[in-house]
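Student: From the sequence below, what's the structure:
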Amino acid sequence: MNKKLAVRRYGMLGFLTLLYTFSFAQSPPSSTSKSSAEPFTLKDGDRVVFLGNSLMENDLTHGYLELVLTTRWPGRNVTFRNLGWSGDNVFGDARSYFTNPPTPYELLMKQLTDAQPTVVFVAYGGVEAQEGEAGLPRFTEGLNKLLDKIGELGAKAVLLSPIPVLSSIKTTQRNDVLGRYATAIAAVAAERGARYVDVFNPVLEIQKQITITDNDIHLNEAGYHHLAAALEKGLGLSARSEVVVLDYARKSTSSPNARLSAIHQKTGALKFTLDEKYLPLSASDGSTSASGQVLRITGLDKGYYTLTAEGTLVAAASAKQWAEGVNIRQGPSFSQADRLRNLIQKKNDIFFHQYRPHNRTYIVGFRAYEQGRHAEGLKELGLIVTWLEGQIALNRMPTPRTYELTPLK
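Tutor: Numbers count the residues shown, from 1 in each chain. Presented below is the predicted three-dimensional model:
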């Protein structure tokens, strides 16, 4: 690259962005941040906004991104708004369905401002990458402008990389460009001291093991389940599940969240209670990635044992398998997590129709003189959203579960 020509064409800021990008183009950076030493947390009263293109919008039908953050701090009152818009870029161009004024960018700014965020997860770059390397300077400029606005609102930004194209055919060139945009996003985050989460590499790796997309571009339900897990890890959060160790022979446990109740004299059944710190990140599609507690029960006689909780079969394994550790993948805690995710999905669906109503032009646009009376109905949808958030609050706290391990005769 000719330095003088590049500076003249892109300006100094654009040239520096290109230089940083080319330096690390071979491998998009992993999750980094100037404040990486500070653990990510959500405080009581936080308002989280998911902002971006289809990567954000499509999770409206799954709810995993909100689920993973809701269950991390179940005792805190945190609200979530998904403002993702398919095909969108940092300039809000996809939001042009509204009559002008406002412009699409003004609409993006209004929607972001109305959400009153304290934390914004920003996921752009996938659409802009279609412009190739030549579009990097403009994208970086637009991203910085958007981050300036987020800062003016008093909110913190968490920047996400785009995800790769997951086609089985050759997509190296496309993913190379997406990788360069991911690197540019990481550079902006590092310069501004913002948190950056790499989801490009984790999604690329998990695709080698299971199918997480139906069209090579957009994630399916299993894809969003793994994306949520990647987000959790990228934020530097500790493992969701813990290994619980019980000693049947000694009738003891070294795990602080487990309490042994009794061993039935006739059946040999072991009863114990678990205080789970988090609800599991359940997967209703049957994905084997669903994970709760890992139970290690030693001191058992040879044979097979069943584990039940509140009358529901949870697992069955041999004494050897229990001693090695069994990953709990179903049970009452998973059912609770499923109910919670269902409530999140319903809440997000109602909010979607409130802030992006059909016939918007007739309700709040230039033809509001015809059907503007329906604007009052949009306010009423807000009441339903608030009620559903109350239901979410009632279902997000894990509760102690009593388990019973019984020899299988």
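Student: For the rest of this, base every contact and every neighbour count on C-alpha atoms.
Tutor: Fine.
Student: do you know how far residue 148 is from residue 51?
Tutor: Plainly put, residue 148 is 15 Å away from residue 51 if you go by C-alpha to C-alpha, to the nearest Å.
Student: between the two, who's got more neighbours?
Tutor: Using other C-alpha atoms under 10 Å as the criterion, residue 148 and residue 51 rank with residue 51 on top: 24 against 15.
Student: Now that one: phi and psi?
Tutor: Torsion angles at residue 51 (phi, psi; degrees, to the nearest 10) stand at phi -130, psi 130.
Student: can you tell me which residues contact it?
Tutor: 82, 83, 84, 85, 120, 121, 122, 123 (C-alpha atoms under 8 Å, 6 or more residues apart in numbering).
Student: 10 Å - rerun?
Tutor: Counting by C-alpha atoms under 10 Å, 6 or more residues apart in numbering, residue 51 makes contact with 57, 81-85, 88, 90, 108, 112, 120-124, 159.
Student: That one pairs with what?
Tutor: Applying DSSP bridges to residue 51 yields these beta-bridge partners: residue 122.
Student: Which one of the contacts of residue 51 sits in the busiest neighbourhood?
Tutor: residue 124 leads the contacts of residue 51 on contacts (other C-alpha under 10 Å) with 29 neighbours.
Student: ok, back up a step: the contacts of residue 51 in helices, which ones?
Tutor: Using DSSP state H, the members of these that fall within helices are 57, 108, 112.
Student: May I see those organised as TSV, with distance to residue 322 and pLDDT added?
Tutor: Formatted as TSV, these follow (distance: C-alpha to C-alpha, whole Å; pLDDT from 0 to 100):
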residue	distance to residue 322	pLDDT
57	41	97
108	53	95
112	50	97
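Student: Turn those into CSV, including distance to residue 176.
Tutor: Converted to CSV, these look like this (distance: C-alpha to C-alpha, whole Å):
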residue, distance to residue 176
57, 24
108, 29
112, 31
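Student: which one among those gets closest to residue 338?
Tutor: Among those, residue 57 lies closest to residue 338 (C-alpha to C-alpha), at 20.2 Å.
Student: Do you know the pLDDT at the closest residue to residue 107 other than its chain neighbours?
Tutor: In this structure, residue 107 finds its nearest non-sequential neighbour in residue 95, 7.2 Å apart by C-alpha to C-alpha, 6 or more residues apart in numbering. On pLDDT, residue 95 comes in at 90.
Student: Tell me where the chain has strands.
Tutor: 47-52, 79-82, 119-123, 156-160, 195-197, 243-247, 252-253, 258-263, 270-274, 294-298, 304-309, 312-318, 326-327, 401-407 (DSSP state E).
Student: Measure how the third one sits relative to strand 156-160, angle-wise.
Tutor: Relative orientation of strand 119-123 versus strand 156-160 (axes from the mean of the first three to the mean of the last three C-alpha atoms, to 10 degrees): 20 degrees.
Student: Which strands and helices lie in contact with strand 119-123?
Tutor: strand 47-52, helix 54-57, strand 79-82, helix 136-152, strand 156-160, strand 195-197 (3 or more C-alpha pairs under 10 Å, 6 or more residues apart in numbering; DSSP states H and E).
Student: Please work out which of these is packed deepest.
Tutor: Counting by mean count of other C-alpha atoms under 10 Å, strand 195-197 has the highest mean neighbour count of the helices and strands packed on strand 119-123, with a mean of 28.
Student: on contacts alone, who are the packing partners of that strand?
Tutor: Applying 3+ C-alpha pairs under 10 Å, 6+ apart, one finds that strand 195-197 contacts strand 119-123, strand 156-160, helix 172-192, helix 221-234.
Student: State the pLDDT value of the residue of the chain positioned farthest from its centre.
Tutor: Farthest-out residue of the chain from its mean C-alpha position, per C-alpha atoms, centre = their mean: residue 266, at 47.3 Å. As predicted, residue 266 sits at a pLDDT of 76.
Student: what's the answer for residue 222, then?
Tutor: So, for residue 222, pLDDT stands at 93.
Student: What is the neighbour count of it?
Tutor: Residues contacting residue 222 under the criterion other C-alpha under 10 Å number 22.
Student: Quick check: closest non-adjacent residue to it.
Tutor: In space, residue 222 is closest to residue 212, 5.4 Å off (C-alpha to C-alpha, 6+ apart).
Student: pretty sure the one you found is touching residue 165, no?
Tutor: No. Applying C-alpha atoms under 10 Å as the test, residue 212 and residue 165 come out as separate, 11.2 Å apart.
Student: any low-confidence regions in this structure?
Tutor: Within the chain, the stretches with pLDDT under 70 are 1-27, 31-37, 98-100, 168-170, 284-291, 360-375.
Student: any idea which helix is longest in it?
Tutor: Identified as the longest helix of the chain according to DSSP H is helix 332-355.
Student: Next, the buried residues of it.
Tutor: Across helix 332-355, burial judged by 16 or more other C-alpha atoms under 10 Å covers 332-334, 336-338, 340-348, 350-352, 354.
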